[in-house]
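S.K.: How does the following fold in three dimensions:
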Amino acid sequence: MHSKASSLAFLLLLATLTSQQGASLDATVDVSQGSSSDLPSTSPQRTQSMAGAEALTSATLAPSNWNFLQRDILGSGSKWIAPSSDFSVRPQWYVATYTIQFHTDCPQNSVTLKFSATGSSFVFLNDNSILQWGAPYPRIHTYVLKTPELKCGCNTLKILVYNFYYPSPAALTYSLSQDTTGCYDCQNLGVTFYNRKTCQCECASTCDCKNSLQSWSGYPACGCKCTFQARCISGTNFNYGTCKCECP
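M.R.: Numbers count the residues shown, from 1 in each chain. Have a look, this model is predicted:
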């Protein structure tokens, strides 16, 4: 039991030492052609009265060129991606669907999403709407993803890029980062550990208490405790090991 607890404690210490502030999250992305039927039934004008939605209050003109697609505008090493590698311009009303999957074992700490797109954007996290009618480049959007939408384990981020105002490459650039400070700090380290599969602190092991007067107490105690404490008569003290009143 002690060797297992020590090993788990070492793994927890290693995870704590390797955690980073604002570290980038690994993700996989798939891009496909979407459809206007995938878009919410709202319009840019209607979103002005919708709480949490971003309104586009004036006509948007297309950029004079697409040279900015060669630059890292987010400052995080992120590259632009598009349905075609040569960033060919797609017609007006074209919809590109970007499906981004990422993993977090610490959903209690929020994840920061930064992105920009060459068309109007719609963002969904695990099928929950985060943004509707986001403005195209040069606007850079920053959103904090957190529970309950952010889940333990695999998360799916879907970003639709819609050529609503003008033809464009329907391109996207994005970054995901998370400050993992404090994520793996469990109480009573040595008999507890952080379970990355369940995203919570747990007991390193569980035992059947040999003393019938004791019962198992879970995290953070992770040990056998007296089921009840007797009131001892004068001259005796309660022994938490035997769960009995004993003479000093």
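S.K.: average model confidence for stretch 155-173?
M.R.: Averaging pLDDT along stretch 155-173 gives 96.
S.K.: no wait, stretch 31-48
M.R.: Stretch 31-48 shows a mean pLDDT of 73 in the predicted model.
S.K.: Likewise for stretch 80-92?
M.R.: 95.
S.K.: For it, list the C-alpha coordinates in PDB.
M.R.: Taking C-alpha atoms only, stretch 80-92 is exported to PDB below (Å, rounded to 0.1, in the frame of the first residue of the first chain):
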ATOM      1  CA  TRP A  80      -4.000  29.900 -40.900                       C
ATOM      2  CA  ILE A  81      -5.800  26.800 -42.200                       C
ATOM      3  CA  ALA A  82      -8.400  26.600 -44.900                       C
ATOM      4  CA  PRO A  83     -10.400  24.000 -46.900                       C
ATOM      5  CA  SER A  84      -7.700  24.200 -49.600                       C
ATOM      6  CA  SER A  85      -3.900  24.500 -48.900                       C
ATOM      7  CA  ASP A  86      -3.500  27.300 -51.500                       C
ATOM      8  CA  PHE A  87      -6.100  29.400 -49.700                       C
ATOM      9  CA  SER A  88      -8.200  29.700 -52.900                       C
ATOM     10  CA  VAL A  89     -11.200  32.000 -52.500                       C
ATOM     11  CA  ARG A  90     -14.500  30.400 -52.000                       C
ATOM     12  CA  PRO A  91     -17.800  31.900 -53.200                       C
ATOM     13  CA  GLN A  92     -20.100  34.000 -51.100                       C
END
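S.K.: So which bits of it are buried?
M.R.: 80-83, 87, 89-90 (16 or more other CB atoms under 10 Å). Quick note: C-beta positions are derived from backbone N, CA and C, even for glycine.
S.K.: swap in stretch 68-75?
M.R.: 69, 74.
S.K.: Need the distance between the two termini of that stretch.
M.R.: 13 Å (CA to CA, to the nearest Å).
S.K.: Next: stretch 215-230.
M.R.: Note: stretch 215-230 ends 15 Å apart using CA to CA.
S.K.: sorry, back to before: farthest-apart pair in the buried residues of stretch 80-92, please.
M.R.: 81 and 89 (15.2 Å; CB to CB).
S.K.: Can you name the element that comes right after the helix or strand bottoming out on mean pLDDT in the chain?
M.R.: Lowest by mean pLDDT, DSSP states H and E among the helices and strands of the chain is helix 2-18, with a mean of 39. Scanning forward in sequence from helix 2-18 by DSSP states H and E, the next helix or strand is strand 23-24.
S.K.: So which elements touch that next one?
M.R.: strand 172-178 (3 or more CB pairs under 8 Å, 6 or more residues apart in numbering; DSSP states H and E).
S.K.: Which secondary structure elements does the strand it packs on sit against?
M.R.: strand 23-24, strand 95-104, strand 111-117, strand 153-162.
S.K.: and the shortest one, which strands flank it?
M.R.: Counting by DSSP bridges, the strands paired with strand 23-24 are strand 172-178 (antiparallel).
S.K.: same thing with the last one?
M.R.: Using DSSP bridges, the strands paired with strand 153-162 in its sheet are strand 95-104 (antiparallel), strand 120-125 (antiparallel).
S.K.: Which one of those strands lies nearest to residue 189?
M.R.: strand 95-104 (21.9 Å).
S.K.: relative to strand 111-117, how tilted is that closest one?
M.R.: Here strand 95-104 runs at an angle of 160 degrees relative to strand 111-117 (axes from the mean of the first three to the mean of the last three CA atoms, to 10 degrees).
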